[in-house]
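Engineer: Predicted model and sequence follow; I will ask about them next.
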There are 2 protein chains.
Amino acid sequence: MHRTYSLRSGRAPTASQLNAPPPPTSSTKSGKFFGSTGIASSLRKTTAGQFGPELSKKLAQLIKIEKNLERSIELVARERRGVAKQLSLWGEENDDDVSDVTDKLGVLIYEIGELEDQFIDKYDLYRITLKSIRNIEASVQPSRDRKQKITDEIAHLKYKDPQSPKIPVLEQELVRAEAESLVAEAQLSNITREKLKAAFLYQFDALRELSEKLALIAGYGKALLELLDDSPVTPGETRPAYDGYEASKQIIIDAESALASWTLDNSFVKEPALSLHQTVDDIYEPGEVADAEAQWHEDELDEQQQQASASAPVAAH
Amino acid sequence: MHRTYSLRSGRAPTASQLNAPPPPTSSTKSGKFFGSTGIASSLRKTTAGQFGPELSKKLAQLIKIEKNLERSIELVARERRGVAKQLSLWGEENDDDVSDVTDKLGVLIYEIGELEDQFIDKYDLYRITLKSIRNIEASVQPSRDRKQKITDEIAHLKYKDPQSPKIPVLEQELVRAEAESLVAEAQLSNITREKLKAAFLYQFDALRELSEKLALIAGYGKALLELLDDSPVTPGETRPAYDGYEASKQIIIDAESALASWTLDNSFVKEPALSLHQTVDDIYEPGEVADAEAQWHEDELDEQQQQASASAPVAAH
């Protein structure tokens, strides 16, 4: 895993960065006086600032490549089922024990393909949930653009014709645009968090289900292997008759029943051993995080930071 | 999972089928008198019998499509890493909590891609081990062909010229060919089982490692989500400053350490609940299967079948 604990090289985020929704930034700050062309505009494009027109583009790109990922997993699932059939087909020409065991291994591996297919459907819930964020991002854009446009017009007029009667009219319009923008930004802030959390809960629950079921299958697969008569024979010696049909069938039945009865609530890998917490129940129960954070601060950082974990919104500190 | 417990429709294998190595089948039995052309030959091809020239072809085909599967998993791993980077990139433009959490989620998802890549290397051990079986299958083929050719020649001569002095010479040659064939078939029988078992132990151990590690990551991922400040804000309200940097970093450190300390021996999903056995330790310990089978027979089928599970090779019963 990455030693930097971040995928962004050279990025050192600090807690002092501005919180959302940030106050509307005046266009004069970026040296932008003359509309949307020229050096300032290209500068804004390359810096791709927080309010650039790129707003929903990066997430749209993510949603697009997630679709590619789904298609590739679909391919894996299809090929897995093909492999299962071919394994069974090959084994059929072999002796009874090899034939039966490969056939049953084929059943398990085919099931892996089926589970991978089911995973894609659940993963797509994650992807679709990200679309809600992309949509709110895209819908916030016009509100930002409108505010920006009015701000630009005011700045332009103040430079060209400081006495223009249009300026107070535009300033009133700006106040209204800013009010609308505040609402839009709050919606963006809320929906982004709500949907981001929901999306990744879908992904991680789906991943946990797939992975734990695959781990179960691996166990039953190994049990099947024990039915192979792998004691060496000498030339001309015949192997004892294979009598594992009942056992192998029972292993498949047991695997089927273990997979069918698996739920998130009785999953195997329940609680990550978080060294920050005594138990992680607090991390897993929504709403308990503030408590967990408070406890962590008590343990680790003393009372100085305790106030930071108070759950009531605090404007600044 | 398949209700038939088999990938082969209509196949009903019985314990009474011939064991390997079977006695050499006379070519006259298949009505084959005139070389390798004609109806009999095409019939043999379509029935794809146990000793057809297809011997190593089905396994070669399996090994080929396993390579395709590996390439597809490689694609998934690559796309997974791409998704991780794009997620982090998108989040970077968001508020501190969203930015930090998506960056750390990116680290975990990138790690999934890395684990999938490592899985491919281990899966390839499985595939390469299958090649040993394919190779012995291919090397047994000439020995079978030679025996077949001599048998055909004898049958042909006996039909055309029953008094030919060549017949006793060919019959002596056949005895030698059959002896060689017996050795080859015993090698095939032993190596097939030894390598099949080894191959699938590789696959299932690799699958268990990947899947349990992914389940761990899913748990740490969910822990990260709790750091998102998802309490709704009203328009104009600012969120409290994000103070989860230490916690998120610690979650990544903990995840890293949990993944690093995972071994097959301390895996989560240990023992399938096999209803045939009291415990499954017996299934898991090589060499104990005979005992387990014996116990199972005692429990389930009475003494009649007990002799079938005796570990000494029995010619027939």
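Structural biologist: Thanks, I have the structure now. Numbering: from 1, shown residues only, chains lettered A, B, ... in the order given.
Engineer: all contacts plus neighbour counts: C-alpha atoms, from now on.
Structural biologist: Noted.
Engineer: Could you pull up the residues touching the residue of chain A found nearest chain B?
Structural biologist: Per Cα to the nearest Cα, residue A:211 is where chain A lies closest to chain B, at 4.3 Å. Residues near residue A:211 by Cα atoms under 8 Å, 6 or more residues apart in numbering or on different chains: B:210-212, B:214-215.
Engineer: Among the residues you listed, which one has the most neighbours?
Structural biologist: The most crowded member of the contacts of residue A:211, judged by other Cα atoms under 10 Å in any protein chain shown, is residue B:215 (29 neighbours).
Engineer: Am I right that residue A:144 is in contact with residue A:181?
Structural biologist: Yes - the pair residue A:144 / residue A:181 is scored as a contact, 6.4 Å apart, by Cα atoms under 8 Å.
Engineer: low pLDDT regions in the stretch 1-150 of chain A?
Structural biologist: A:1-4, A:9-54 (pLDDT under 70).
Engineer: And the helices in it, which stretches?
Structural biologist: Taking DSSP state H, counting those that start in this stretch, the helices of the stretch 1-150 of chain A run over residues A:39-47, A:57-92, A:96-160.
Engineer: need those in CSV with distance to chain B and mean neighbour count, can you?
Structural biologist: Shown next, in CSV, are the helices of the stretch 1-150 of chain A (distance: least, Cα to the nearest Cα, whole Å; neighbours: other Cα atoms under 10 Å in any protein chain shown):
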stretch, distance to chain B, mean neighbour count
helix A:39-47, 11, 13
helix A:57-92, 5, 21
helix A:96-160, 6, 21
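Engineer: Turn those helices into a markdown table, including distance to residue B:232.
Structural biologist: As requested, these are arranged in a markdown table below (distance: least, Cα to Cα, whole Å):
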| stretch | distance to residue B:232 |
| --- | --- |
| helix A:39-47 | 30 |
| helix A:57-92 | 21 |
| helix A:96-160 | 15 |
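Engineer: Out of those helices, the one nearest residue A:228 is which?
Structural biologist: Residue A:228 lies closest, by Cα to Cα, to one member of the helices of the stretch 1-150 of chain A: helix A:96-160, at 5.7 Å.
Engineer: Please work out the angle formed by the directions of whatever helix or strand comes next after the closest one and helix B:166-225.
Structural biologist: Proceeding N to C from helix A:96-160, the next assigned helix or strand is helix A:166-225, under DSSP states H and E. Put simply, helix A:166-225 runs at 140 degrees to helix B:166-225, going by axes from the mean of the first three to the mean of the last three Cα atoms, to 10 degrees.
Engineer: Between helix B:96-160 and helix A:166-225, find me the angle.
Structural biologist: Using the same axes, to 10 degrees, helix A:166-225 lies at 40 degrees relative to helix B:96-160.
Engineer: Report whether the following helix or strand past helix A:166-225 contacts chain B.
Structural biologist: Per DSSP H and E, helix A:166-225 leads on to helix A:245-261 as the next helix or strand towards the C-terminus. Yes - applying Cα under 8 Å from any Cα of the partner chain, one finds helix A:245-261 touching chain B at A:247, A:249-256, A:258.
Engineer: Dump stretch A:237-247 to PDB, restricted to CA.
Structural biologist: What follows is stretch A:237-247, C-alpha atoms only, in PDB (Å, rounded to 0.1, in the frame of the first residue of the first chain):
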ATOM      1  CA  GLU A 237      -2.300 -51.900 -10.500                       C
ATOM      2  CA  THR A 238      -5.900 -50.800 -10.600                       C
ATOM      3  CA  ARG A 239      -7.200 -48.100  -8.200                       C
ATOM      4  CA  PRO A 240     -10.000 -49.100  -5.700                       C
ATOM      5  CA  ALA A 241     -13.400 -48.200  -7.000                       C
ATOM      6  CA  TYR A 242     -14.300 -44.500  -6.400                       C
ATOM      7  CA  ASP A 243     -17.000 -44.100  -3.800                       C
ATOM      8  CA  GLY A 244     -17.000 -40.400  -3.300                       C
ATOM      9  CA  TYR A 245     -20.100 -39.500  -5.200                       C
ATOM     10  CA  GLU A 246     -22.300 -39.000  -2.100                       C
ATOM     11  CA  ALA A 247     -19.500 -37.100  -0.400                       C
END
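Engineer: I'd like the mean pLDDT over that stretch, please.
Structural biologist: If you average the pLDDT over stretch A:237-247, you get 93.
Engineer: For that stretch, buried residues please.
Structural biologist: Judged by neighbour count using 16 or more other Cα atoms under 10 Å in any protein chain shown, the buried positions of stretch A:237-247 are A:237-245, A:247.
Engineer: out of these, who's nearest residue A:264?
Structural biologist: The nearest member of those to residue A:264, counting by Cα to Cα, is residue A:247 at 28.9 Å.
Engineer: Residue B:116 is nearest to which of the helices of the stretch 1-150 of chain A?
Structural biologist: Closest to residue B:116 of the helices of the stretch 1-150 of chain A, according to Cα to Cα: helix A:57-92, at 11.8 Å.
Engineer: okay, the angle between the closest one and helix A:96-160?
Structural biologist: Going by the same axes, to 10 degrees, helix A:57-92 makes 170 degrees with helix A:96-160.
Engineer: what packs against helix A:57-92?
Structural biologist: Counting contacts by 3 or more Cα pairs under 8 Å, 6 or more residues apart in numbering or on different chains; DSSP states H and E, helix A:57-92 is packed against helix A:96-160, helix B:57-92.
Engineer: TSV please, covering the ones you listed and showing distance to residue A:65.
Structural biologist: Converted to TSV, the helices and strands packed on helix A:57-92 look like this (distance: least, Cα to Cα, whole Å):
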stretch	distance to residue A:65
helix A:96-160	10
helix B:57-92	6
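Engineer: So which of the ones you listed is nearest residue B:118?
Structural biologist: helix B:57-92 (9.6 Å).
Engineer: Which residue ranges make up each domain of chain A?
Structural biologist: Following the assignment in automatic domain parsing, chain A carries domains at A:15-231+A:241-271, A:272-312.
Engineer: Format those domains as a markdown table; extra columns: distance to residue B:64.
Structural biologist: Formatted as a markdown table, the domains of chain A follow (distance: least, Cα to Cα, whole Å):
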| stretch | distance to residue B:64 |
| --- | --- |
| domain A:15-231+A:241-271 | 9 |
| domain A:272-312 | 39 |
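Engineer: that older thread, pull the most distant pair out of the contacts of residue A:211.
Structural biologist: So, those by Cα to Cα: farthest apart are B:210 and B:215, at 8.7 Å.
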